[in-house]
Each structure stands twice: as C-alpha cells, then as structure tokens.
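1. what follows is a predicted protein model with its sequence.
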Amino acid sequence: MSEATQKDLPKEKVNLRETVEFAFVWVFVHLLRMLPRSVARGIGAAIGWVAFRLLGRLRRVGLRNLALAFPEKEEAEREKTLRAVYRNLGYLLAEFCLMPGYTAERASRFIRYEGLENYLRARDKGKGVLVLTGHLGAWELSSFYHSLMGYPMAMVIRRLDNPLVDAFVNRIRCMHGNRVIHKDDFARGLIAAMRAGQTVGFLMDTNMTPPQGVFVPFFGVMACTASGMARVAAKTGAAVVPGFLLWDEGEKKYVLRFGEELEVVHTGDAERDAVTNTACFTAIIEQYVRRYPEQWLWMHRRWKTRLDGDERIY
C-alpha cells in the first residue's frame, strides 16, 4: 500500500478480521474514486437498493420509526420514504469515496451555501460555535465542504469498531484542517475548543442513556438525547447554530444551510436548563427532518432507551 495509507495504520495491534475489513474498504473507496461522479453515485444508489432489500432488521426499524413519527401516513408512503433514505445513503457513500479529489471549485459546482452569514456572525463573537446537526442529508460531506471553503472545524464522533478503518476514514475527514473529537473525551475537548473560539459540529440525533442523555420530545415521543451540547453552551457562552447539508432535488445540488443562532436559556438551574435547551435543539432537528424525511437515518433505534415503566418500542 502507499505511504499515505501506511499513515492510516493505528499503533495498537489489530487482528486478521480487522485487516481484511480494512483492505476491502481501502480497495472499494479507491475503485469508486476512479469513476466519474455520476457513475459513482449511481453505484452508490444501487448499493442502497440492495441494502434495503437484504437488511431486513434495519428495514423494520426504519418502518417502525416512520410509523411513530408519521402515523397519519399510509404504509406505502412510509416505505417509499425509506427507499429514498437508502438511495440517499448510497449517494453519500459515493460522495465520501470521492471527497479526497474534491477542490473548492469542483465541489462548489454541486454544493452551495445558504445562511453562511449566520455562521460567520456567530463565529465572530469569539466564544466558539457549536453547530447543531444530525444524521440528515450529507453529513459527512458537510464538514468536509466547509473546510474546503476555508472554515475548518472539529467533529464529535464515535470511534469505529475497526481501528484501521477508523484511522482511514478520519484521514479523509480531516484532509483540509478538520479534526476529530471522540465521544469518549468530548466534554473536555468541546470546552477547550470553545475557549479557543473554534467551531465544533455535534450530531445530536442518536439514542443515549442516562446520565449523558436526558429525555425530551422527538416527534411527540420521549427520546433520550445527548445533553452535552446544551451544558457546554451554557458553561462557555458559545453560539449554537443549526447546520445541515441537504439535497435539493429541484436544483440537483446540495445546500449547506446555516440557521439563525439559537437562544440558550440560562436560569441558574443547570439541570433544568440542560433539559430545556436540549429540548429546543431537538425540536430544531425535528423541524428539518419533517421537511426532509427522505434524508434522515430512520434505521437508527432512536427511541431505544425508555423511561421507567414505558413499553419497549423495538
């Protein structure tokens, strides 16, 4: 493998299975990278179609979630939405493989900003920016494009189970100045980044467990949700700005939308404020998901953690 690939290798020992998985990922990414973007996206969409057909457990989770969120919709309509989710995930897979070859000029042919002034206004306050985002649209491409355009940021992410793949993926994510803050050390990393006036993206739409998570409404169902962003915003005075990279079918482009800065409630009761602000942030994510349901990761067991006495959903 190339010298660049050698840099991806972690220092800890890896087993044969992890090495084989990494080799497959490395070959797949480099093969797709050689193709024209339209062809790569077509292959990604085909992979998404196959995944929809074969991964029955994930399909059932997705349909269950859609039934919870949109009980008024017919089953056929919810299945159509889920099919589109898999197609869009296939597109995102292709974009990720192609990202190392993107320049600012090339990427700007199919990505544009909307509301960049909201981000810049928040950044210029100098207390750091927390970008409220989620597994909606092309989330991997969003921070990459932002760094390409001269605005590198940090991302709070979970380590992948395979350390070889984790290092490889992070090298692509961080090619243009981005950096990774792992969830197992995110509190200290977030506070340090805010004190330095930096920007950090936070995917705040996954299931959590107490005490890291608090229960707030999401599509009318109580969902255990990460409260770290709310706590850090209250502690540091950082600005919280929604940011999502969404596919616009009419334009045939991605649009990186930054909303207006959100108000962070400070009453002096830290726990109550954490719940109030987390509920506000979650409501914003819900607004975007309702508008673009075919672009959210419905296959995640978002409501897995239940309040005492509540029935299991999955």
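-> The structure has been received and is ready for your questions. Numbers count the residues shown, from 1 in each chain.
2. avg pLDDT for the top strand by length along the chain?
-> Scanning the chain for the strand with the most residues, using DSSP state E, yields strand 239-248. Mean per-residue pLDDT for strand 239-248: 98.
3. tabulate the CA atom coordinates of it in CSV.
-> The C-alpha coordinates for strand 239-248 follow below in CSV (Å, rounded to 0.1, in the frame of the first residue of the first chain):
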residue,chain,number,x,y,z
ALA,A,239,-23.1,30.2,20.0
VAL,A,240,-25.3,27.4,18.8
VAL,A,241,-26.1,27.4,15.1
PRO,A,242,-28.1,24.8,13.2
GLY,A,243,-26.3,23.5,10.1
PHE,A,244,-27.4,20.8,7.6
LEU,A,245,-26.2,19.8,4.1
LEU,A,246,-29.4,18.9,2.3
TRP,A,247,-30.1,17.6,-1.2
ASP,A,248,-32.3,19.9,-3.3
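4. C-terminal to the helix or strand harbouring Val169, what's the next element?
-> In this assignment (DSSP states H and E), Val169 forms part of helix 163-173. Of the helices and strands lying after helix 163-173 in sequence (DSSP H and E), the nearest is strand 179-182.
5. which neighbouring elements make contact with that following strand?
-> Helices and strands touching strand 179-182, as assessed by 3 or more CB pairs under 8 Å, 6 or more residues apart in numbering; DSSP states H and E, comprise strand 154-157, helix 186-195. Bear in mind the C-beta positions are built from the backbone N, C-alpha and C, glycine included.
6. which of the ones you listed comes out lowest on mean pLDDT?
-> Across the helices and strands packed on strand 179-182, helix 186-195 gives the lowest mean pLDDT, at a mean of 87.
7. what's the following helix or strand after it?
-> Note on helix 186-195: by DSSP H and E, the next helix or strand toward the C-terminus is strand 199-203.
8. strand partners (parallel or antiparallel) of that following strand?
-> Paired with strand 199-203 in the same sheet, following DSSP bridges, are strand 129-133 (parallel), strand 154-157 (parallel).
9. out of those strands, indicate the one that is most buried.
-> Per-stretch averages of neighbours, counted by mean count of other CB atoms under 10 Å, single out strand 129-133 among the strands paired with strand 199-203, with a mean of 27.
10. CA atoms of that one as CSV?
-> Extracted in CSV, the C-alpha atoms of strand 129-133 (Å, rounded to 0.1, in the frame of the first residue of the first chain):
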residue,chain,number,x,y,z
VAL,A,129,-19.6,27.9,17.6
LEU,A,130,-21.4,24.7,18.3
VAL,A,131,-23.0,23.5,15.0
LEU,A,132,-26.2,21.7,15.8
THR,A,133,-26.6,18.9,13.2
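11. how far off strand 239-248 does that strand point, in degrees?
-> Angle between the axes of strand 129-133 and strand 239-248 is 40 degrees (criterion: axes from the mean of the first three to the mean of the last three CA atoms, to 10 degrees).
12. strand 129-133: how far from the chain's middle?
-> Taking CA atoms, centre = their mean, to the nearest Å, one finds strand 129-133 lying 11 Å from the centre of the chain it belongs to.
13. against which helices or strands is the helix or strand that it is followed by packed?
-> In the C-terminal direction, the helix or strand that comes right after strand 129-133 (DSSP H and E) is helix 139-148. Contact partners of helix 139-148 among helices and strands, from 3+ CB pairs under 8 Å, 6+ apart: helix 75-98, helix 104-107, helix 163-173, strand 199-203, strand 239-248, strand 253-258.
14. closest one to Leu16 among the ones you listed?
-> Of all those, it is helix 163-173 that lies closest to Leu16, at 11.5 Å by CB to CB.
15. in that closest one, what counts as buried?
-> Neighbour-count burial for helix 163-173, counted by 16 or more other CB atoms under 10 Å, picks out 163-170, 172-173.
16. then stretch 105-123?
-> 107, 110-113, 115-116, 118-119, 121-123.
17. nearest to Val255 among those?
-> Arg112 (5.8 Å).
18. for the record, mean pLDDT for the helix or strand where that closest one lies?
-> Following DSSP H and E, one finds Arg112 within strand 111-114. The pLDDT scores in strand 111-114 average 98.
19. for stretch 257-269, same thing?
-> Mean pLDDT, computed over stretch 257-269, is 97.
20. just how off-centre is it within its chain?
-> So, by CA atoms, centre = their mean, the centroid of stretch 257-269 is 20 Å from its chain's centroid.
21. that stretch: which residues count as buried?
-> 257-259, 261-262, 264-265.
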